[in-house]
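# all I have is the shape, not the residue letters:
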DNA sequence: GTGCGGATTGACAACGTTGTCCGGGGTCGT
DNA sequence: ACGACCCCGGACAACGTTGTCAATCCGCAC
């Protein structure tokens, strides 16, 4: 900027005025300055600018895994909203690791982002207190913050969705419904398990721990769990899977167990569910073609809502902390509407 | 930092030394400073730091669409590498819009990112010249920069992959192979079309424009194009689809045309390809279960390679501009190995 | 001629760091 | 006891902007 000023034969401040389209600059002078800018290929240093002004016009987004479609859709929506507010976006994946989440958040704070959108991996967010003190705003998405952290949060109706999914299977005659969820320490997984239990209770069905398997969507683990479930004396007639990855891996595992499903779509062989009914939490690509009934969340809306809320806060809204809960939607596609096979235990 | 210095009863510079783990500070003094830092909840302002130091320890990534699995995988890999180098990552989606790409890149440059990884939407990158002049480094990924822009680039072997895919179908007896690609102005789409033509030529087959449909993966358009292709006097017996989205939407379109495939997996109805063979460019989730033969790219490797290259440059490597071309891999799963139906035109 | 108002422009400090350089002690060797 | 040297701490400028305030110039009315 100094060079530009020298080249145009004006003072530093005049260049600043031109660059920022401030009024009170003679048209001829402005033209001379602009020419110098073009000639020198000058570009304002936003770092210095934000240092002086206090706001960085950037926000930070911490998600669980950028490569997961659920989070990348959320991410995309946040990005769109941020851009709309003239904000740039820092992104980082926590990989379900609380320390990484914390490091990312603090790194963003050191960059003095105006706000944060966090899909928390950890359950302790006291580390944010000094940042809140300093005026940084944060909105939590998909999962709430740990105890003692007062911040807005946008969730899906996890329990309600799982309840609806389980109730759907019950309504179609199922009595033995297995639940395959993620680690119970993950908020959404715990909530969905709760919804599943509530649906059972509402129908007067017993809760059988033997029908529940919680853990990350690891193919080998799922195969083992499913094999165990299906070998049991009183096997489930239906499955409720707790998230998109688990649903997909469950389909794979069932295919490998029944040994028949691979290539089903193009070869026309017997389907790969082995007679089981299935409802999956989260919609996923091609679930429509496969005929998989799901409880759909709307990750883009989750992201949009969180971002809108954040920008409202940044605009000065100091209302009480809010907690949004977005509805889920059950989409019947066939796999969740199959009746259980006729009972043979009373011949 | 001033406050911390005052609180600890030391000079500004001493706090700076403690914060940066610089040697030459008495252990007792350091402890006092650290205590003051904790007490005040102080966090270094990285904006000021980078202003002083010149490097921002951040890079910018411009992709086409953050919600697309191909780019989100690429993005994830870049993020990982950046984190590994202690760099934060700005991300933005160009939405296949050259102006947006340019705005994003320039916004990143105004933030003085150390480097850029760009999946270009436009074909004119002369706007980058002043940035290169200023020392910013850029690596292009998935598609090359426009003419006159000297920068490293990491691509997939698009033509080779498409050639292999088409050759695979030809080897299984197909003579009428349709190609469904994206807009030919997109580099990858043009290259894949070229590979398709090369494979035809190598097999002595004619190139029939009537068998080629190029455009975005719009469901309605694909349905119309497919209907037209299948109604023709001499319809194709096989399809080569030009990218992941197109493959998926083609499966949907075929299902809706043949009216039979929805729910195939769970219901066991006739498959939805209507007797057609299919090879898709890009692997996609559940392609294995569906039995769809694909030419797989490795988006994560694309991202990793680009990021590694960028950090090599940032570390001072001033070798000549390089152009990586990563191999693709044909994965047979059934849909690409089906023979054409017996010919009936010579009864 | 003098004073005044508006339009333009400029000088200077400040944002929060870090790099450079200097000084004040203490320790060690002679 | 004295100089050389090392360790630690501090003063100050600089990074590239922008906000504040003052200065200059012009035309015009009195």
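Looks like it came in fine. These figures come from a predicted structure and were not determined experimentally.
# dump the residue contacts of residue A:75.
Residues near residue A:75 by Cβ atoms under 8 Å, 6 or more residues apart in numbering or on different chains: A:61, A:63, A:66, A:91, A:303, B:66-67, B:72, B:91. C-beta coordinates here come from the backbone N, C-alpha and C atoms, glycine included.
# out of the residues you listed, who's near DNA strand D?
When Cβ under 7 Å from any atom of the strand is applied, no member of the contacts of residue A:75 is adjacent to DNA strand D.
# so of the residues you listed, which ones are in helices?
Judged by DSSP state H, those include A:303, B:72 as members of helices.
# could you find the closest non-adjacent residue to whichever residue of the stretch 51-200 of chain A sits closest to chain B?
When scored by Cβ to the nearest Cβ, the stretch 51-200 of chain A has residue A:130 as its residue closest to chain B, at 2.9 Å. Closest residue to residue A:130 apart from its sequence neighbours, by Cβ to Cβ, 6 or more residues apart in numbering or on different chains: residue B:41 at 2.9 Å.
# now swap in residue A:195 and tell me
residue A:162 (3.0 Å).
# quick check: buried residues in the strand or helix carrying that neighbour?
If you go by DSSP states H and E, residue A:162 is part of helix A:158-171. Of all the residues in helix A:158-171, those buried under the rule 16 or more other Cβ atoms under 10 Å in any protein chain shown are A:158-170.
# what does stretch A:332-344 give?
A:333-338, A:340.
# can you redo those as JSON lines with secondary structure and distance to residue B:107?
As requested, the buried residues of stretch A:332-344 are arranged in JSON lines below (DSSP: H, G, I helix; E, B strand; the rest coil; distance: Cβ to Cβ, whole Å):
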{"residue": "A:333", "secondary structure": "coil", "distance to residue B:107": "42"}
{"residue": "A:334", "secondary structure": "coil", "distance to residue B:107": "47"}
{"residue": "A:335", "secondary structure": "coil", "distance to residue B:107": "46"}
{"residue": "A:336", "secondary structure": "coil", "distance to residue B:107": "46"}
{"residue": "A:337", "secondary structure": "coil", "distance to residue B:107": "50"}
{"residue": "A:338", "secondary structure": "coil", "distance to residue B:107": "52"}
{"residue": "A:340", "secondary structure": "coil", "distance to residue B:107": "57"}
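# let's have those residues in CSV, adding pLDDT and distance to residue A:239.
Formatted as CSV, those follow (pLDDT from 0 to 100; distance: Cβ to Cβ, whole Å):
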residue, pLDDT, distance to residue A:239
A:333, 92, 15
A:334, 88, 14
A:335, 90, 9
A:336, 93, 10
A:337, 92, 14
A:338, 89, 11
A:340, 89, 12
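# with these in mind, which one is nearest to residue B:36?
Nearest to residue B:36, judged by Cβ to Cβ, of those is residue A:336 at 60.1 Å.
# that closest one is in contact with residue A:172, isn't it?
Yes - taking contacts as Cβ atoms under 8 Å, residue A:336 lies within contact range of residue A:172: 7.2 Å.
# overlap in contacts, those two.
Each of A:238, A:277 lies in contact with both residue A:336 and residue A:172 under the rule Cβ under 8 Å, 6+ apart.
# returning to that earlier point: of the buried residues of stretch A:332-344, closest to residue A:198?
Of all the buried residues of stretch A:332-344, residue A:198 sits closest to residue A:336, with 17.9 Å by Cβ to Cβ.
# ok, now how distant is that closest one from DNA strand C?
55 Å (Cβ to the nearest atom of the strand, to the nearest Å).
# measure that residue to residue B:250 for me?
Relative to residue B:250, residue A:336 is positioned 26 Å away (Cβ to Cβ, to the nearest Å).
# what do you get for residue A:197?
According to Cβ to Cβ, residue A:197 stands 42 Å off from residue B:250.
# tell me which of the two has more neighbours.
Using other Cβ atoms under 10 Å in any protein chain shown as the criterion, residue A:197 and residue B:250 rank with residue B:250 on top: 26 against 18.
# so who does residue A:96 touch?
Neighbours of residue A:96 in contact, by Cβ under 8 Å, 6+ apart: A:64-65, A:121, A:186.
# swap in 10 Å and give it another go.
Residues in contact with residue A:96, defined by Cβ atoms under 10 Å, 6 or more residues apart in numbering or on different chains, are A:64-65, A:119, A:121-122, A:182-183, A:185-186, A:216.
# for residue A:179, same thing?
Residue A:179 touches A:162, A:165-166, A:189, A:192-193, A:195-197, A:200, A:207-208, A:211-214, A:236, A:238-242, A:281, counting by Cβ under 10 Å, 6+ apart.
# can you verify it is assigned to a helix?
No - counting by DSSP: H, G, I helix; E, B strand; the rest coil, residue A:179 falls outside a helix, being strand.
# quickly list what it is bridged to.
Beta-bridge partners for residue A:179, by DSSP bridges, are residue A:212, residue A:240.
# near DNA strand C, which residues of the stretch 51-200 of chain A?
A:51-52.
# in the stretch 51-200 of chain A, where is pLDDT below threshold?
Counting by pLDDT under 70, the stretch 51-200 of chain A has no low-confidence residues at all.
# contacts only, for residue A:97.
Going by Cβ under 10 Å, 6+ apart, residue A:97 touches A:64, A:103-104, A:121-122.
# among those, which are in helices?
Using DSSP H, those in helices are A:103-104.
# restrict the contacts of residue A:97 to those near chain B?
A:103-104 (Cβ under 10 Å from any Cβ of the partner chain).
# all helices of the stretch 201-347 of chain A, in order?
A:219-231, A:244-258, A:264-267, A:287-290, A:299-314 (DSSP state H, counting those that start in this stretch).
# for DNA strand D, what's its nearest residue on the stretch 101-250 of chain A.
Residue nearest to DNA strand D within the stretch 101-250 of chain A (Cβ to the nearest atom of the strand): residue A:112, separated by 13.1 Å.
# could you do chain A as well?
Residue nearest to DNA strand D within chain A: residue A:1 (2.6 Å; Cβ to the nearest atom of the strand).
# that residue contacts residue A:37, doesn't it?
Yes - taking contacts as Cβ atoms under 10 Å, residue A:1 lies within contact range of residue A:37: 9.2 Å.
# of these two, who's got more company?
Between residue A:1 and residue A:37, residue A:37 has the larger neighbour count (other Cβ under 10 Å), namely 20 against 17.
# which stretch of helix or strand covers the closest residue in space to that one that isn't next to it in sequence?
Closest residue in space to residue A:37, ignoring its immediate chain neighbours: residue A:4 at 5.6 Å, by Cβ to Cβ, 6+ apart. According to DSSP H and E, residue A:4 maps onto helix A:2-8.
# buried residues in that helix, which are they?
So, applying 16+ other Cβ under 10 Å, buried residues of helix A:2-8: A:4-5, A:7-8.
# again, but for stretch A:235-254
For stretch A:235-254, a neighbour-count test (16+ other Cβ under 10 Å) marks A:236-254 as buried.
# need the contact list for the residue lying closest to residue A:283 once chain neighbours are set aside.
Nearest non-adjacent residue to residue A:283, counting by Cβ to Cβ, 6+ apart: residue A:296, 3.9 Å away. By Cβ under 10 Å, 6+ apart, the contact list for residue A:296 reads A:156, A:161, A:244, A:280-284, A:287, A:327-331.
# among those, name the buried ones.
A:156, A:161, A:244, A:280-284, A:287, A:328, A:331.
# between those residues, which is nearest chain B?
residue A:284 (7.2 Å).
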